[in-house]
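Chemist: Kindly generate the corresponding structure for this input.
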Amino acid sequence: MSKKNRSPKFFVGQSTHEVSRRRFLKKISTVSLAAGAPLLVSSEALGLGARPAPSDRIVMGCIGVGGRGTSNMRTFMNNPDVQVIAVADVEEKSSRYYRGRTAGREPARELVNKHYSKASKKSKACQSFKDFRDLLKIRDIDAVSIATPDHWHGLASIAAANAKKDIYCEKPLTNSIGEGRAVVEAVKKNGRILQTGSHERSNRNSRYAAELVLNGRIGKLKSIRIQMPLGEPHHKHVMSVKGLPKAEPTPDTLDYDFWLGHTPKKDYRSGCAHFWWRFVLAHGGGEMTDRGAHVIDLAQMGLGTDLTGPVKIQAKGNQGQGLYDTFMDYEFVNTFKNGISMIGTSEGQRGLKYEGTEGWVFVHVHGCRLSASSPDLLKEKIGESEIHLGRSPGHHRNFLDSVKSRKNPVAHAEIGHRSGTICHLNNIAMKLGRPLEWDPEKELFVNDEAANKLITPEMREPWKLS
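Modeler: Modelled structure (predicted):
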């Protein structure tokens with residue numbers, strides 16, 4: 001299967017939308033110029049208070065506004081050069097989210113309106129949609145934030161790229177290797193900016209630790225220890241659930257068939273929807289893609305392998321039987337072409353440990369607090385002629401700056417795809433129960449038809465990648 005053959009063709013339905021602000025401004029501009037008068041439209045008239053001029057503003061829509069999606073939306077709105085004008089979610093309003101949080105498209109819309117009403121009494125009302133494709137039809141929108149369940153990341157990102165929108169997509173970039181490659185190709189074809197939401201990569205400490213490794217401060221790198229423990233309450237809950245609970249009536253506020261999307265049709269159970277979907281393989285990859293998309297991503301940065309991946313995969317774990325079927329209590333070894341291995345386990349403190357011939361550095365995730373074999377190691381200065389990874393002003397801000405400059409953000413599409421791929425490779429090896437060989441250039445398993453069939457999921461009509 002070549003990359004060309006995996007290029008996406010996305011099924012998009014028809015929708016209507018209101019006359020956009022930009023067309024409105026264009027009409028005003030035409031009238032003003034015809035009258036020989038300059039066009040002076042205040043930010044207050046646009047419902048934005050004393051905000052940057054329209055030419056400097058990034059107009060955004062938010063797709064998926066549950067817990068994480070609403071958090072991202074708030075972060076973007078707090079940037080004065082951003083205007084959120086639309087939200088989309090298949091859930092209208094629910095308090096079934098993790099820890100009883102209320103979220104959905106209507107609470108999100110209300111939050112947006114409340115936020116901008118503080119800046120101006122003339123604030124333009126935020127639109128809300130059940131179907132994200134309707135949001136993408138709005139020509140005003142420059143960029144979108146995508147924070148749906150993982151199984152929707154691929155199709156939503158491809159649709160956004162084809163609609164000429166820049167994209168901030170939560171990690172992991174997609175829920176399969178094939179979808180990830182399709183997103184990369186769609187972003188490239190349409191000249192879009194994409195930032196994967198692996199925000200630890202923007203942390204100053206994580207970048208400094210990688211620079212220490214890349215510049216030989218711990219000697220020759222021998223291995224990287226990946227530690228992703230499973231001791232939090234939600235992990236314990238997942239491991240305590242046995243069998244398959246009875247089906248439940250589908251909530252009136254949720255379009256469950258749309259929520260399932262391209263995945264197999266099945267009865268609704270509240271325990272596999274909001275938040276908990278990440279422990280169902282059809283929708284997420286368990287802790288391997290949840291925290292793994294952070295920890296393994298940082299390892300990729302320190303290894304200098306952002307644009308490639310391992311060549312040998314060994315992994316084993318206990319797969320859940322019943323409602324939750326992702327892998328727990330895992331061990332894995334991912335070996336790269338240069339002989340360096342990432343050795344992973346579900347034990348220890350969460351983070352990664354770079355192990356060299358002359359010392360080690362540990363990056364604690366989340367937050368990226370550093371510890372090292374010697375306190376002096378963390379006082380090292382990186383010389384002007386050495387490898388510098390630069391610094392990010394913050395993951396969301398880095399995305400916004402990239403939208404304006406058209407320069408790649410710190411976790412662009414290829415980086416997000418490659419980090420996510422390693423997570424998926426481990427899950428596939430655990431599913432098949434045997435070691436695998438991987439060709440990171442062709443993005444295929446070597447002489448393994450059964451494994452290659454798991455690169456891209458079969459999709460339920462009308463959704464498809466082809």
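Chemist: Going along the chain, name the strands of the stretch 301-450 of the chain.
Modeler: 312-319, 327-335, 341-345, 351-356, 359-364, 369-372, 436-439, 444-445 (DSSP state E, counting those that start in this stretch).
Chemist: which of those strands is buried the deepest?
Modeler: For those, the largest average neighbour count (mean count of other CB atoms under 10 Å) is found in strand 351-356, namely a mean of 23. No exception for glycine: its C-beta is placed from N, CA and C like everyone else's.
Chemist: about what we covered before: would you convert the strands of the stretch 301-450 of the chain into TSV that also reports mean pLDDT and distance to Gln195?
Modeler: Output for the strands of the stretch 301-450 of the chain, formatted as TSV (pLDDT from 0 to 100; distance: least, CB to CB, whole Å):
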stretch	mean pLDDT	distance to Gln195
strand 312-319	97	27
strand 327-335	97	25
strand 341-345	98	24
strand 351-356	98	21
strand 359-364	98	21
strand 369-372	98	24
strand 436-439	98	26
strand 444-445	98	27
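Chemist: Dump those to TSV, plus distance to Thr196.
Modeler: Converted to TSV, those look like this (distance: least, CB to CB, whole Å):
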stretch	distance to Thr196
strand 312-319	21
strand 327-335	19
strand 341-345	19
strand 351-356	18
strand 359-364	18
strand 369-372	23
strand 436-439	20
strand 444-445	23
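Chemist: Next, work out how far apart the residue positioned nearest the centre of the chain and Ser198 are.
Modeler: With distances taken as CA atoms, centre = their mean, the residue of the chain nearest its centroid is Glu170 (2.0 Å). Going from Glu170 to Ser198 by CB to CB, to the nearest Å gives 9 Å.
Chemist: hang on, the earlier thing: of all the strands of the stretch 301-450 of the chain, which one comes closest to Asp150?
Modeler: strand 327-335 (15.1 Å; CB to CB).
Chemist: Please enumerate the helices of the stretch 201-350 of the chain.
Modeler: Ranges of helices in the stretch 201-350 of the chain, per DSSP state H, counting those that start in this stretch, are 204-214, 233-240, 256-260, 287-290, 292-303.
Chemist: Let me know which of these is the nearest to Ile193.
Modeler: Once the helices of the stretch 201-350 of the chain are compared by CB to CB, helix 292-303 is nearest, at 18.3 Å.
Chemist: Would you mind extracting the C-alpha trace of that closest one into PDB?
Modeler: Only the C-alpha atoms of helix 292-303 are listed here, as PDB (Å, rounded to 0.1, in the frame of the first residue of the first chain):
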ATOM      1  CA  GLY A 292       1.800   7.800  25.500                       C
ATOM      2  CA  ALA A 293       1.200  10.500  23.000                       C
ATOM      3  CA  HIS A 294       3.000  12.900  25.400                       C
ATOM      4  CA  VAL A 295       5.800  10.700  26.800                       C
ATOM      5  CA  ILE A 296       6.700   8.900  23.600                       C
ATOM      6  CA  ASP A 297       6.500  12.200  21.700                       C
ATOM      7  CA  LEU A 298       9.200  13.800  24.000                       C
ATOM      8  CA  ALA A 299      11.300  10.700  23.500                       C
ATOM      9  CA  GLN A 300      11.100  11.200  19.700                       C
ATOM     10  CA  MET A 301      12.300  14.800  20.200                       C
ATOM     11  CA  GLY A 302      15.300  13.800  22.300                       C
ATOM     12  CA  LEU A 303      16.200  11.000  20.000                       C
END
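Chemist: Could you pick out the longest helix of this protein?
Modeler: helix 413-432 (DSSP state H).
Chemist: distance between it and the chain's centre?
Modeler: 14 Å (CA atoms, centre = their mean, to the nearest Å).
Chemist: Next up, the contacts around the nearest residue to Glu437 once chain neighbours are set aside.
Modeler: For Glu437, ignoring the flanking residues on the chain, the nearest one in space by CB to CB, 6 or more residues apart in numbering is Val446 at 3.9 Å. For Val446, the contact set (CB atoms under 8 Å, 6 or more residues apart in numbering) comprises 437-439.
Chemist: Kindly report the same for Gly344.
Modeler: Applying CB under 8 Å, 6+ apart, we find Gly344 in contact with 225-228, 296, 315, 330-334, 426.
Chemist: go again using 7 Å as the cut-off
Modeler: Residues in contact with Gly344 (CB atoms under 7 Å, 6 or more residues apart in numbering) are 226, 228, 330-332.
Chemist: likewise Val112?
Modeler: Val112 touches 77, 84, 87, 126, counting by CB under 7 Å, 6+ apart.
Chemist: if we can go back for a sec, is it possible to export the helices of the stretch 201-350 of the chain to TSV including mean neighbour count, distance to Ile63 and mean pLDDT?
Modeler: Converted to TSV, the helices of the stretch 201-350 of the chain look like this (neighbours: other CB atoms under 10 Å; distance: least, CB to CB, whole Å; pLDDT from 0 to 100):
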stretch	mean neighbour count	distance to Ile63	mean pLDDT
helix 204-214	21	27	98
helix 233-240	14	24	95
helix 256-260	16	12	98
helix 287-290	25	19	97
helix 292-303	25	19	98
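Chemist: Among these, which comes closest to Arg192?
Modeler: Here helix 292-303 is closest among the helices of the stretch 201-350 of the chain (CB to CB), at 20.5 Å.
Chemist: on contacts alone, who are the packing partners of that closest one?
Modeler: If contacts are counted by 3 or more CB pairs under 7 Å, 6 or more residues apart in numbering; DSSP states H and E, helix 292-303 sits against helix 204-214, strand 221-227, strand 351-356, helix 413-432.
Chemist: Output these in TSV; the columns should cover distance to Ser373.
Modeler: Below are the helices and strands packed on helix 292-303 laid out as TSV (distance: least, CB to CB, whole Å):
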stretch	distance to Ser373
helix 204-214	11
strand 221-227	13
strand 351-356	9
helix 413-432	26
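Chemist: With respect to Ala163, which of the ones you listed lies nearest?
Modeler: helix 413-432 (15.8 Å).
Chemist: then the closest one to CSV, C-alphas only?
Modeler: Extracted as CSV, the C-alpha positions of helix 413-432 are listed here (Å, rounded to 0.1, in the frame of the first residue of the first chain):
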residue,chain,number,x,y,z
ALA,A,413,1.4,17.1,11.3
GLU,A,414,4.3,14.8,10.5
ILE,A,415,5.7,15.0,14.0
GLY,A,416,2.2,14.2,15.5
HIS,A,417,1.7,11.3,13.0
ARG,A,418,5.1,9.7,13.8
SER,A,419,4.7,9.9,17.6
GLY,A,420,1.2,8.5,17.3
THR,A,421,2.4,5.8,15.0
ILE,A,422,4.7,4.4,17.7
CYS,A,423,1.7,4.2,20.1
HIS,A,424,-0.3,2.3,17.5
LEU,A,425,2.6,0.0,16.7
ASN,A,426,2.8,-1.1,20.3
ASN,A,427,-1.0,-1.7,20.4
ILE,A,428,-0.8,-3.8,17.2
ALA,A,429,2.1,-5.8,18.5
MET,A,430,0.1,-6.5,21.7
LYS,A,431,-3.0,-7.4,19.8
LEU,A,432,-1.1,-9.9,17.6
